[in-house]
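Novice: I'll drop the sequence and a predicted model, then ask my questions.
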Amino acid sequence: MNFEYLLLNVEDHIGTITVNRPEKRNAMNSESWIELRDAVSYFNQLPEVRVIVITGAGEQSFVSGADIEWLRDRQPLDIYGSAVQDVLLSVYQSRKPVIAAINGYALGGGCELATVCDFRIASEHAKFGQPEITLGILPAGGGTQQLTRLIGLPRAKELILTGKIIDAQQAYDYGLITEMVAKEKLKVRVREFAGILAKKPPVALMLAKIALNESVTTDLNAGLALEKSLQAILFSTQDKIEGTTAFLEKRDAQFIGK
């Protein structure tokens, strides 16, 4: 697929989406948000892609937030049209694991984008923040909800109500990112980690992610019932037979996603 603001690449079962607006520090406008939604949807439908990586072009920014000119011109009902929240929810609900390769500034919508990914691996020079409050708005891409679930209410209040920017070390200490690496090692580490996921059984990955996402929004009994139902589905897959057989035969499993 061809996009104006994104670059797409598929290699070794890893689909990479690169936000490509380096002249704007990869700030997002309406069109680029829509393209992101479509790109994630496309990779979810592409059988050869098992893991999705999202990153930013250049070495300065992952996504530095929303394009301020676009933001200034938005009207109240625009929130119910092509809403950033809906795009980011689609990333969060991706059937395939999503890794954020954070190579620089992750501010505003960029920080929100990182939080909806399943894993966040950041360069040591990355910066994070939700500075929307300084513009007279709040982080409405899911920031008040997802960030709270990720780092807890007190930390989320600190970032959202003050608009402060934190470095990668502090983000790691807060639990905002899962791993921090040297700038020159980011691409290699992300590819290594994505490769680990790409070798796992795709259907089991998808259903395990569904169960995990639901665990933070449902009560224990409903969560356990869902877990049991999803396990029953997995017991019917070829990958379950392959995984158990490979273990007994002391060899590496070759999963096919069925």
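Specialist: Structure received. Residues are numbered from 1 along each chain as shown.
Novice: I'd like the distance between the closest residue in space to Leu161 that isn't next to it in sequence and Arg72.
Specialist: Leaving aside its sequence neighbours, Leu161 sits nearest to Ile133 (Cβ to Cβ, 6 or more residues apart in numbering; 6.3 Å). C-betas here are computed from N, CA, C, even on glycine. Using Cβ to Cβ, to the nearest Å, Ile133 is found at 16 Å from Arg72.
Novice: out of those two, which sits in the busier spot?
Specialist: Just comparing Ile133 and Arg72: by other Cβ atoms under 10 Å the higher neighbour count belongs to Ile133, 15 against 9.
Novice: before we move on, what SS does that one have?
Specialist: Three-state assignment for Ile133 (DSSP: H, G, I helix; E, B strand; the rest coil): helix.
Novice: Might one say that it is in contact with Lys164?
Specialist: No: in this structure, Ile133 is not within contact of Lys164 by Cβ atoms under 8 Å, at 9.8 Å.
Novice: what's the pLDDT at Gly81?
Specialist: Predicted confidence (pLDDT) at Gly81: the value is 62.
Novice: Same question for Glu59.
Specialist: For Glu59, the model assigns a pLDDT of 86.
Novice: secondary structure class for it?
Specialist: With three-state DSSP as the basis, Glu59 sits in coil.
Novice: List the residues that contact it.
Specialist: Counting by Cβ atoms under 8 Å, 6 or more residues apart in numbering, Glu59 makes contact with Asn103, Gly104, Lys183.
Novice: I'd say the second one and Phe128 touch.
Specialist: No: the criterion here is Cβ under 8 Å, and Gly104 misses it with Phe128 at 10.4 Å.
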